[in-house]
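> generate a structure from the sequence data that follows.
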Amino acid sequence: MEQSSESSSSAMWIEVVTALVPHYKLELLSIWGYKGSRLPHWMSSPLNLIKQIDLGFLSEVSSLPAMGKLPFLELLSIYDVEQLMFVGREFLGIESSSDDVAYPELVSLVFTDCNKWEEWEDITEEEEESAAISIMPCLVYLTISNCESLKKLPHRLLRKLSSSLRSLNIWYSSELIKTYGEDKEGSAWRSISQHNPQLRLII
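Now for the predicted structure:
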């Protein structure tokens, strides 16, 4: 009975937030304390003019929408998404078969307190080498904080956007710190930074 009640509650949350389609000129979107199991499809609409998205304290969400399709998004912060274990390629919103740009204006991407997050899916080697696919061409700051289960970052993806990235911040995330090392001399760090000598790792 309890599981049925939780499913019913999640469906109600999804129904409500799906119906709350914002005006297309909205520039700041914050969703806090949401208890639905998935986020609404309108968050991926390229018709939106949203410049900043803050998602926090989402207790049931386990996957993220294709926000990479948002043409004007500059700031994306994701806090305490309890059930998030895997960030897949759908997060980018790109199609391998066509010319595409994921997150064309994104400057800052922050993940905080996603303690069950274990894997961030990488792009393919072909996508890394493809001139037709651009990923986060304006990203300057990437911050991963208090994500204790994440062991590795998507190296091909980071090399793809490395010309713009200036600051990679890894805070209070013990597995990532083991991988990339405080001395910043390991092969994992070199794999990311070799294309961009200006990139700073801050641990």
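> how about residues contacting the least confident helix or strand in the chain by mean pLDDT?
Lowest mean confidence among the helices and strands of the chain (mean pLDDT, DSSP states H and E): helix 2-19, at a mean of 74. Here helix 2-19 makes contact (Cβ atoms under 8 Å, 6 or more residues apart in numbering) with 31, 34-42, 60. Every C-beta, even on glycine, is put in place using the N, C-alpha and C of the backbone.
> report the buried residues of it.
For helix 2-19, burial by neighbour count (16 or more other Cβ atoms under 10 Å) applies to 10, 13-14, 17.
> any chance of those in JSON lines, plus distance to residue 129?
Formatted as JSON lines, the buried residues of helix 2-19 follow (distance: Cβ to Cβ, whole Å):
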{"residue": "10", "distance to residue 129": "41"}
{"residue": "13", "distance to residue 129": "41"}
{"residue": "14", "distance to residue 129": "39"}
{"residue": "17", "distance to residue 129": "39"}
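> could you pull up phi and psi at the closest residue to residue 45 other than its chain neighbours?
Leaving aside its sequence neighbours, residue 45 sits nearest to residue 69 (Cβ to Cβ, 6 or more residues apart in numbering; 7.3 Å). Backbone dihedrals for residue 69, given as degrees, to the nearest 10, come out at phi -80, psi -10.
> neighbours of residue 69, how many?
21 (other Cβ atoms under 10 Å).
> can you pull the contacts of it?
44-46, 93, 102 are the contacts of residue 69 under Cβ under 8 Å, 6+ apart.
> and for residue 148?
Taking Cβ under 8 Å, 6+ apart, one finds 115, 172-175 in contact with residue 148.
> and residue 139, what's its pLDDT?
Confidence at residue 139, expressed as pLDDT, is 97.
> I should have written residue 126 there, sorry.
93.
> which ones among the contacts of helix 2-19 map onto strands?
Mapping the contacts of helix 2-19 onto strands (DSSP state E) picks out residue 31.
> from the contacts of helix 2-19, which is closest to residue 79?
residue 31 (10.5 Å; Cβ to Cβ).
> before we move on, the earlier item: out of the contacts of residue 69, who's the most crowded?
Ranking the contacts of residue 69 using other Cβ under 10 Å puts residue 102 first, with 25 neighbours.
> any idea what sits nearest that one, other than its immediate chain neighbours?
In space, residue 102 is closest to residue 68, 3.6 Å off (Cβ to Cβ, 6+ apart).
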